[in-house]
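Asker: Generate a structure from the sequence data that follows.
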Amino acid sequence: MDLNGTPATLDQMKALALTNYGHFTSMLVENGEVRGLSLHMARLARDCRQLFDQDLDTGRVRGYVRKALGEHAGGRVVVRVSVFDPALDLGTIGRDAQPHVLVTHRRAAGGLPAPWRLQAAAYVRDMPSVKHVGLFGSMQRRRAAQKDGYDDVLFLNPDGTISEVATSNIGFVREGRIIWPRSAYLAGITMTLLHQELDEQIVTEPLTLSDLPGMDAAFATNAATGVRAVSSVDSTEWASEAHPVLKELRELYADIPAEPV
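Answerer: Numbers count the residues shown, from 1 in each chain. Next up, the predicted model:
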């Protein structure tokens, strides 16, 4: 766990734990390369300007990631880059900020991710376009879904339209086309890469739970796991894992050139 390229101290980490103001991105690093690395860096720079009114040197960030990877540079790991200011606390949050860069990593899961069963729940994240560290609401609803026997939670807006999964995007397949919900949500890097590759095959629509029986399959996208089949939302079920479009999406995503860190 490195902060600005050196081991983080407990005192430096207090602000992240106690004030909990900042933003992050998570990416899958395989042999020192990342699909959509430029998009991850652009996200960090954009969110840093929005939360801290400061520009972020993404070249420096990439250097911190390379250093933190160390002996894992030739393997397969999930790297999280968090941006926060250790000097800010609950009473001084309005001060001019000096954002710091925290890099952590964990071993990436292997194999094809298991299909998800999702429970729908009413919830809208604060500033949904920003990948911020304020995850309480998302995690509370994920916990409730898992306590009820589901794998994760699908968020519904106040008008009943679908937005996103707790830490993933959701997409659907209908008559061979990809349908994304039309809503305010965080457009993930995996979702964005697929959208760029399949622009003419993609539709965005306001979707509610009543639309789901008309879908042929469902899937979730996330940088750590790529494309994951969704087998159900509440009582609506699909044989998504066997649908040929999901196989095509995985192959398409795997063929997207990665960028060296």
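
Asker: ok, residues contacting the longest helix that the chain contains?
Answerer: Counting by DSSP state H, the longest helix found in the chain is helix 37-52. Outside helix 37-52, the residues that touch it by C-beta atoms under 8 Å, 6 or more residues apart in numbering are 21-23, 25, 27, 34, 54-56, 58, 61-62, 81, 83, 85, 97, 99, 127, 130-132, 189, 192-193, 223, 258-261. Glycine gets a C-beta too; all of them are placed from N, C-alpha and C.

Asker: Pull out the buried residues from it.
Answerer: Neighbour counts over helix 37-52 (16 or more other C-beta atoms under 10 Å) mark 37, 39-41, 43-45, 47-48, 51-52 as buried.

Asker: List only those of the contacts of helix 37-52 flagged as buried.
Answerer: 21-23, 25, 27, 34, 56, 58, 61-62, 81, 83, 85, 97, 99, 130-132, 189, 193, 223, 258-259, 261.

Asker: How about the helix or strand of the chain with the lowest mean pLDDT, which residues are buried there?
Answerer: Ranking every helix and strand in the chain by mean pLDDT, DSSP states H and E puts helix 10-18 at the bottom, with a mean of 89. By 16+ other C-beta under 10 Å, the buried positions in helix 10-18 come out as 12, 15-16.

Asker: Tell me the helix or strand right after that helix.
Answerer: Using DSSP states H and E, the helix or strand that follows helix 10-18 in sequence is strand 23-30.

Asker: Relative to the whole chain's centre, how far out is that next one?
Answerer: On the basis of C-alpha atoms, centre = their mean, to the nearest Å, strand 23-30 sits 8 Å off its chain's mean C-alpha point.

Asker: can you give me the angle it makes with helix 10-18?
Answerer: Orientation of strand 23-30 against helix 10-18 (axes from the mean of the first three to the mean of the last three C-alpha atoms, to 10 degrees) gives an angle of 110 degrees.

Asker: Thanks a lot, see you next time.
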